[in-house]
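> I would like the atomic coordinates for the input below:
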Amino acid sequence: MRIESVRNRGLRQWARVAVLVAVAMCTTSAYSASKAVLVLGDSLSAEYGLARGEGWVALLEQRLKESGIDVTLINASISGETTSGGKTRLAALLSKNQPDVVVVELGANDGLRGLALGDTQKNLRDIINASKKSKARVVLVGMQLPPNYGTDYTKRFAAIFPTLAKETRSSLVPFMLDGVVSQPQLFQADRIHPTAQAHPIILDNIWPQLKPLLSK
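Numbers count the residues shown, from 1 in each chain. Prediction:
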């Protein structure tokens, strides 16, 4: 009886250890599978006017490593890019990289050039739908224009992003430059592109929408 009870106690102890190990594995496995994130953006994501490594995408890569999240980050952003240009490049990028998540940061150049809002909205919708068709989840990054572009145009432009996010069931960053536009010192001499000091704020605006998609 004594030998049997000792054996049973040993089995129970091993069972408890196994449960603890399983729990530990479950808590870390949410981010264990390697994922690919494609950033399709313009100069705001392409480190325009910054030293290499100072932009929000580079800071995101650092944060992912520090968080122990295994992600391959592809920054396909080009300064001056429009929604039309991004749409044209997307098919090849999706085919080559097969991303799990696509961060769409486009539209600012459309607005600054006064392009037709209907075309901008259609291009963004096509980008989102193509990304989803390739099985990628989408984070749509919202943008706003300076008030000197006129009240009607700026309101209609800003409304494009929440409208599309709701329509396509995509994650939405309400405004990429939230917390930045109110601080003129966070902009470069052109008063359009944020300084390096602004990019941690930009990352903090995007991170809450991106992080949950990396655990799914």
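
> C-alpha only now, for contacts and for neighbours.
Fine.

> how close does the nearest residue to residue 124 once chain neighbours are set aside get to residue 90?
Closest residue to residue 124 apart from its sequence neighbours, by CA to CA, 6 or more residues apart in numbering: residue 83 at 6.3 Å. Going from residue 83 to residue 90 by CA to CA, to the nearest Å gives 10 Å.

> those two: who's more crowded?
Neighbour comparison, residue 83 and residue 90: the larger count goes to residue 83, with 27 against 17 (by other CA atoms under 10 Å).

> was I right about the more buried one contacting residue 106?
Yes. Here residue 83 reaches residue 106: they are 5.7 Å apart, a contact under CA atoms under 8 Å.

> so what's in contact with the two at the same time?
residue 124 (CA atoms under 8 Å, 6 or more residues apart in numbering).

> hey, which helix or strand in the chain has the poorest pLDDT?
helix 2-29 (a mean of 48; mean pLDDT, DSSP states H and E).

> ok, then the element right after that helix?
strand 35-41 (DSSP states H and E).

> and the residue nearest to the spatial centre of the chain, what's its pLDDT?
Nearest residue to the geometric centre of the chain (CA atoms, centre = their mean): residue 103, 4.2 Å. According to the prediction, residue 103 has pLDDT 98.

> for it, which residues make a bridge with it?
residue 39, residue 139 (DSSP bridges).

> please tell me how far it sits from residue 128.
On the measure of CA to CA, residue 103 and residue 128 end up 9 Å apart.

> overlap of the contact sets of the two?
Going by CA under 8 Å, 6+ apart, residues that sit against residue 103 and also against residue 128 are residue 138.

> ranges for the strands of the chain?
Along the chain, the stretches classed as strands by DSSP state E are 35-41, 71-75, 101-105, 137-141, 171-173.

> what about the residue nearest to residue 138 when sequence neighbours are not counted, neighbour count?
Of all residues not flanking residue 138 in the chain, residue 102 sits nearest, at 4.9 Å (CA to CA, 6+ apart). By the measure other CA under 10 Å, the count of residues near residue 102 is 24.

> dump the residue contacts of residue 102.
Counting by CA under 8 Å, 6+ apart, residue 102 has contacts 37-40, 131, 136-139.

> need these in TSV (columns: pLDDT and neighbour count).
Formatted as TSV, those follow (pLDDT from 0 to 100; neighbours: other CA atoms under 10 Å):
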residue	pLDDT	neighbour count
37	98	22
38	98	23
39	98	22
40	98	25
131	98	23
136	98	22
137	98	24
138	98	27
139	98	23
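
> can I get those residues in a markdown table including distance to residue 215?
Converted to a markdown table, the contacts of residue 102 look like this (distance: CA to CA, whole Å):
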| residue | distance to residue 215 |
| --- | --- |
| 37 | 12 |
| 38 | 16 |
| 39 | 18 |
| 40 | 21 |
| 131 | 18 |
| 136 | 13 |
| 137 | 12 |
| 138 | 14 |
| 139 | 14 |
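
> what is the nearest of those to residue 63?
residue 37 (13.7 Å; CA to CA).

> report whether the expected contact of the closest one with residue 104 is present.
No. Contact between residue 37 and residue 104 fails when scored by CA under 8 Å: they sit 10.7 Å apart.

> measure the residue nearest to residue 132 when sequence neighbours are not counted to residue 66 for me?
Of all residues not flanking residue 132 in the chain, residue 138 sits nearest, at 7.1 Å (CA to CA, 6+ apart). Applying CA to CA, the value for residue 138 to residue 66 is 23 Å.
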